[in-house]
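# requesting a structural model of the entry that follows:
(2 chains)
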Amino acid sequence: MKRTLGAVVLAATFTTGAMAESLNICVEGAYPPFSYTEASGEIAGFDVDITNALCAEMGNECTVLKTEWDGMIPALLEGKCDAIIASMSITPDRMEVIDFTIKYYNTPAAFIGAEGMTMEAMEAGVVGVQRGTIHQDFMEGEFPGVELRLYGSQDEAYLDLVAGRVDAIIADSVAMDDAFLQTDAGNGYAFFGETYSIPEYHGEGAGIGIRKGEEELRDAFSAAILAIRESGVYAEINARYFDFDVYGG
Amino acid sequence: MENLIAYAPLLWKGTQVTIALALVGLALATLLGALGAAGKIGGGPIARGVVFLYTTIVRGIPDLVLILLIYFGGQRIVNAIAGALDIGYVDVSKFWSGALAIGFIYGAYLTETFRGAYMTIPRGQIEAARALGLKRSAILWKVTLPQLVRFAISGYANVWQVLIKSTAVVSVISLQDLLGLANDAGKSVREPFTFFAAVFVIYLLFTFISQNIFNWAERRFTIKGRNDAA
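Predicted coordinates:
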């Protein structure tokens, strides 16, 4: 650990210029399954695998630097790293300070229901959704005819799904996978239908943060994201963590 | 619990960083505190002014702000200098930023601790030592310092207890200390409370052990029957 840190510092000391061959990438390490810290202290997860794939695609040497979430943007601005790949959502507030590539994922919204559930049955039934969320807006905008049951928390919706009071739930796919489908309570339940990520409802998704004025690096990352989508490398990484496409529609 | 055992070596690494940081911070603070106290007691108007500014400013700002200022602000200054000299990127160390910030902050508190302890020494003793013809250095080593240590110990122990806990704020600059690693590990295996409970116990252990050491030191340096009530 110490040795690698030393190597990183040395590498950082001897590289000059914005478009150097070797890049330092800020990752977080506390946001499973996108990035988490293993017992050895190594960082692993979807973000890290994507980082390695992108760097291989661009032909750059990359070093991942574990960085505290609160210090992430300052670390980028002061040159401690050259890019942030940490599931950072693209938001107008952040866009004022840093630049973003195109999204590299946008956890889509999805429906879950008892195994064998279909879109037709859902449209004729009752759908549970958390009150005041983007998912309620989405349902009212895209499926205006469907009867909704609103909940104060996501957990109440799961309880009512198991109790049979609702036929389906719509919410963030990763959150539901993690908090419900992967648990014992989620036995016999599964995703059905399509996944949705419409910027109007669901935001822009997570992008790679780059310092302003480094358009060349930003565009290289954006091109690499599209390239690994194209080549199937993305799908392969995706399959390690999720049983749906996390890239979103 | 199995997770806690699996991550124990990592937490041990973090504990070592925390201890190293606290000890280096304390050493720096003691040095600055001694210099500050010397300046306040024996310095001229300029030295006294500098120390006054130091203690007033440092005791007035949160340690979190100072750490961020040294780490990110320091990096900005280094970047500007490196840019002007055209020598590329030079990294400001997380550990030394943290240690420097902690030393700088607690140095201000120790300045007051040492000055207060010095003031407790009866003036008559120093006058008596001078009357005996002792040199300034001899007065310092034989008369002032032994008593200063005795009077300063409880205040010093107090500052140390606060200092060791304030090392936890360095995790904000991604220094892999006990709290930082426990936070990452706890979130990674989705058992944050187990890991925070472990941190709680380890810190409690730190303060418990150091309190015992200081209690022993206090007994060791106190002369029986004299100022042992204090």
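# quick one, what contacts the closest residue in space to residue A:205 that isn't next to it in sequence?
Spatial nearest neighbour of residue A:205, chain neighbours left out: residue A:106 (2.7 Å); criterion: Cβ to Cβ, 6 or more residues apart in numbering or on different chains. C-beta: built from backbone N, CA, C; applies to glycine. Residue A:106 makes contacts with A:197, A:202, A:203, A:204, A:205, A:206, A:246, A:247, A:248, as judged by Cβ atoms under 8 Å, 6 or more residues apart in numbering or on different chains.
# do stretch A:146-157 and chain B meet?
No. Residues of stretch A:146-157 are not located near chain B by Cβ under 8 Å from any Cβ of the partner chain, the shortest gap being 15.1 Å.
# now do the same end-to-end measure for that stretch.
Across stretch A:146-157, the terminal residues are separated by 16 Å (Cα to Cα, to the nearest Å).
# need the residues of chain B near chain A, please.
Going by Cβ under 8 Å from any Cβ, the residues of chain B near chain A are B:6-7, B:9-10, B:13, B:68, B:72, B:75-76, B:79, B:88-91, B:93, B:171-174, B:176, B:180-181, B:183-185, B:187-190.
# neighbours around residue A:188, how many?
9 (other Cβ atoms under 10 Å in any protein chain shown).
# residues touching it, list them.
A:114, A:115.
# quick one: list the elements packing against the longest helix belonging to chain B.
When chain B is parsed with DSSP state H, its longest helix is helix B:8-42. Here helix B:8-42 touches helix B:45-60, helix B:94-120, helix B:145-166, helix B:178-188, helix B:192-221, going by 3 or more Cβ pairs under 8 Å, 6 or more residues apart in numbering or on different chains; DSSP states H and E.
# nearest to residue A:86, out of these?
Closest approach to residue A:86 among these is made by helix B:178-188 (12.6 Å; Cβ to Cβ).
# buried residues in the closest one?
Neighbour-count burial for helix B:178-188, counted by 16 or more other Cβ atoms under 10 Å in any protein chain shown, picks out B:178, B:179, B:180, B:181, B:182, B:183, B:184, B:185, B:186, B:187, B:188.
# again, but for stretch B:105-116
For stretch B:105-116, a neighbour-count test (16+ other Cβ under 10 Å) marks B:105, B:106, B:107, B:108, B:109, B:110, B:111, B:112, B:113, B:114, B:115 as buried.
# now do that stretch, average pLDDT.
For stretch B:105-116, mean pLDDT is 95.
# and that stretch, C-alpha only, in CSV?
In CSV, the C-alpha atoms belonging to stretch B:105-116 read as follows (Å, rounded to 0.1, in the frame of the first residue of the first chain):
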residue,chain,number,x,y,z
ILE,B,105,-3.7,23.9,16.0
TYR,B,106,-2.7,22.2,19.2
GLY,B,107,0.6,24.2,19.4
ALA,B,108,-1.6,27.2,20.1
TYR,B,109,-3.4,25.4,23.0
LEU,B,110,-0.1,24.1,24.4
THR,B,111,1.4,27.7,24.3
GLU,B,112,-1.2,28.6,26.8
THR,B,113,-0.8,25.4,28.8
PHE,B,114,3.0,26.0,29.1
ARG,B,115,2.7,29.7,29.8
GLY,B,116,0.1,29.0,32.5
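# shaky segments in chain A?
Where chain A drops to pLDDT under 70, the residues are A:1-20, A:249.
# remind me, longest helix of it?
The residue-count maximum for a helix in chain A (DSSP H) belongs to helix A:215-231.
# please name every helix or strand in contact with that one.
Going by 3+ Cβ pairs under 8 Å, 6+ apart, helix A:215-231 lies up against helix A:46-58, strand A:99-105, strand A:206-210.
# highest mean neighbour count out of these?
strand A:206-210 (a mean of 26; mean count of other Cβ atoms under 10 Å in any protein chain shown).
# partner strands of it, with direction?
The strands that strand A:206-210 pairs with in its sheet are strand A:83-89 (antiparallel), strand A:99-105 (antiparallel) (by DSSP bridges).
# how about JSON lines for those strands, with distance to residue A:178 added?
Shown next, in JSON lines, are those (distance: least, Cβ to Cβ, whole Å):
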{"stretch": "strand A:83-89", "distance to residue A:178": "13"}
{"stretch": "strand A:99-105", "distance to residue A:178": "15"}
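# so what's the closest residue to residue A:32 other than its chain neighbours scoring on pLDDT?
Among residues not flanking residue A:32 along the chain, residue B:188 sits closest, at 5.4 Å (Cβ to Cβ, 6+ apart). Each residue has a pLDDT score; the one for residue B:188 is 87.
# one step back: what's the angle from the longest helix of chain B to helix B:192-221?
Using axes from the mean of the first three to the mean of the last three Cα atoms, to 10 degrees, the direction of helix B:8-42 lies 40 degrees away from that of helix B:192-221.
# contacting residues for residue A:69?
Applying Cβ under 8 Å, 6+ apart to residue A:69 gives the contacts A:28, A:30, A:86.
# alright, that wraps it up for me.
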